[in-house]
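Engineer: Would you be able to build a 3D model of this:
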Amino acid sequence: MNDKQKIGILGGTFDPPHWGHILLASYFSNLFQLDQLIWIPTGDPWQKSPHITPAKIRYQLTEAASEELKGLLIQSHTSTKVLVDDTEIKRTGSSYTIDTAKLLREKLGPTASIIWLMGADSFLNLPTWHDWRDLLHFINLAVANRPQHTLDINPESPIGKLLLQKQTADAKKLGETPAGLIYFDKSLSIDLSSTKLRQSFLQSTTINEANGKNEGVPPKVFELIKNLGIYK
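Structural biologist: The predicted structure is shown next:
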């Protein structure tokens, strides 16, 4: 692979993947003119509930969501290649983002720009991640607004001090820099949650009833949920 490429990474449990994930990926693919957008479903997410849907099923759901994303990118004439990576699913034991970041850097080379995409809620939770201070040695972070998650961060807090050193207001710099920068985007605001979508399915008496309450789930993902008989 050309090591000067711009690679976007969308990691997560994806239980299930929803329009919020797809719109975030589409938006940042356009903003950064990404060469690739790689979905990475978690394997054993140590911070999540033990009742998480099995990884193989979440991988299938993510593949369905990636097809929806491909359609959006074609409509917007964006040439970003979309992939789904099973690295974390294959990994035994707890799944840590730092391990994936190191592996990506090793695979993609020293000068590729690796941009990890996330919502503000995930960013605010960053200090709870394993070896979080080392992440920016390997990747950049692009953060999208999330309602009810203010980014007014105390400059004296650990994450506040990190921002003083690493934040940039210039999106182009992320594409020019292999790692080490944080960019906040205030144009995109996503108010969707996999947790709430699962609850909506579980509270419905039939899958058809759930359909009307889950507009956040794209059609290909919904059809797979229905066919697999999950979230009920």
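
Engineer: quick one: least confident helix or strand in the chain?
Structural biologist: helix 207-213 (a mean of 47; mean pLDDT, DSSP states H and E).

Engineer: Distance from the chain centre to the helix or strand just after that helix, please.
Structural biologist: As assigned by DSSP states H and E, the chain's next helix or strand after helix 207-213 is helix 219-228. Computed by Cα atoms, centre = their mean, to the nearest Å, the chain-centroid distance of helix 219-228 equals 20 Å.

Engineer: Could you give me the buried positions within helix 219-228?
Structural biologist: Applying a neighbour-count criterion of 16 or more other Cβ atoms under 10 Å, one finds 220, 221, 222, 224, 225, 226 buried in helix 219-228. (C-beta placed from N, C-alpha, C; glycine too.)

Engineer: need those in CSV with distance to residue 162, can you?
Structural biologist: Formatted as CSV, these follow (distance: Cβ to Cβ, whole Å):
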residue, distance to residue 162
220, 38
221, 34
222, 39
224, 38
225, 38
226, 43
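
Engineer: Which single one of those residues is nearest to residue 8?
Structural biologist: Residue 8 lies nearest to residue 221 out of the buried residues of helix 219-228, by Cβ to Cβ, at 19.9 Å.

Engineer: Assess the claim that that closest one and residue 63 are in contact.
Structural biologist: No: applying Cβ atoms under 8 Å, one finds residue 221 not in contact with residue 63, separated by 9.6 Å.
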